[in-house]
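1. Sequence and predicted model, in that order:
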Amino acid sequence: MFLEKLFPVTIANFKNPNHSEIQQFLIQECIKIKSKVEKGGDDWDSKLYNTNGTFDLNQSEKFRLLNNWVYESVLEYSKTIGYSNTKIKCEQSWFNFYNKNDYQEKHEHYPFDISAVYYLSCSSDSGNIRFYTHEPQGVKENFIKENPYSWRSFIINPQPGQLLVFKSNLTHGVSQNKSNEPRISLAYNFKIL
């Protein structure tokens, strides 16, 4: 038997080699911004602090080096999935600050094309990101841990310095932060030009 692998879901996983050099500085910068800038993302069920619509990381010189690395990583991903003769533009960027018990419900980033999440600070109990199948409901459940063809969701336990890049229409959510440490992630939305 030969199985065709149609309509693949791709999630790129990058590791920032310079994360340890920038982590503390950017954590402190996020804490400063949090103390001065109004919470964004008011249409979300969860009440975690974020700067979606209130502070664009692309407008901050302090995030420039990280933003450039994220841009280059997203560009590499876009070329890998077939957009080799096009350009990309970051349309939105913000950070999420998850305190204990904060979470993020299922959502997607449509109408953007490519999204990315960078993990500035996280511990093992601060919440996983779960990606969900794009298949419509109604297919009989047959989950087998060892068989990825049976999966309807996929969990990634993020690490500091990790960047995940994926198509913006991929539904995902973040489980509850059960640690006493804040979890800080940076989110980016790109359009393909």
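-> Nice, thanks for sending it over. Residues are numbered from 1 along each chain as shown.
2. May I have the residues that are in contact with the residue nearest to residue 118 when sequence neighbours are not counted?
-> In this structure, residue 118 finds its nearest non-sequential neighbour in residue 186, 4.3 Å apart by C-beta to C-beta, 6 or more residues apart in numbering. Quick note: C-beta positions are derived from backbone N, CA and C, even for glycine. In this structure, residue 186 makes contact with 57, 63, 66, 70, 93, 94, 95, 96, 117, 118, 120, judged by C-beta atoms under 8 Å, 6 or more residues apart in numbering.
3. SS state for the second one?
-> Per DSSP: H, G, I helix; E, B strand; the rest coil, the local secondary structure of residue 63 is helix.
4. How about the fourth one?
-> For residue 70, the secondary structure call by three-state DSSP comes out as helix.
5. Hmm, residue 188 and it touching each other?
-> Yes: when contacts are counted by C-beta atoms under 8 Å, residue 70 is listed as touching residue 188 (5.8 Å).
6. so what's in contact with the two at the same time?
-> Common contacts of residue 70 and residue 188 (C-beta under 8 Å, 6+ apart): 90, 116, 118.
7. Tell me which strands the least confident helix or strand in the chain by mean pLDDT pairs with, and in which orientation.
-> Across the helices and strands of the chain, mean pLDDT, DSSP states H and E gives its lowest value to strand 153-156, namely a mean of 93. Partners of strand 153-156 in the sheet, by DSSP bridges, are strand 129-132 (antiparallel).
8. So for the strand it pairs with, what gets flagged as buried?
-> Using 16 or more other C-beta atoms under 10 Å as the burial criterion, the residues of strand 129-132 that qualify are 129, 131, 132.
9. Give me the contact list for the one helix or strand residue 115 maps to.
-> Per DSSP states H and E: residue 115 is located in strand 114-121. Outside strand 114-121, the residues that touch it by C-beta under 8 Å, 6+ apart are 16, 23, 26-27, 30, 66, 70, 73-74, 77-78, 88, 95, 109, 129, 158-168, 170, 181-190, 192.
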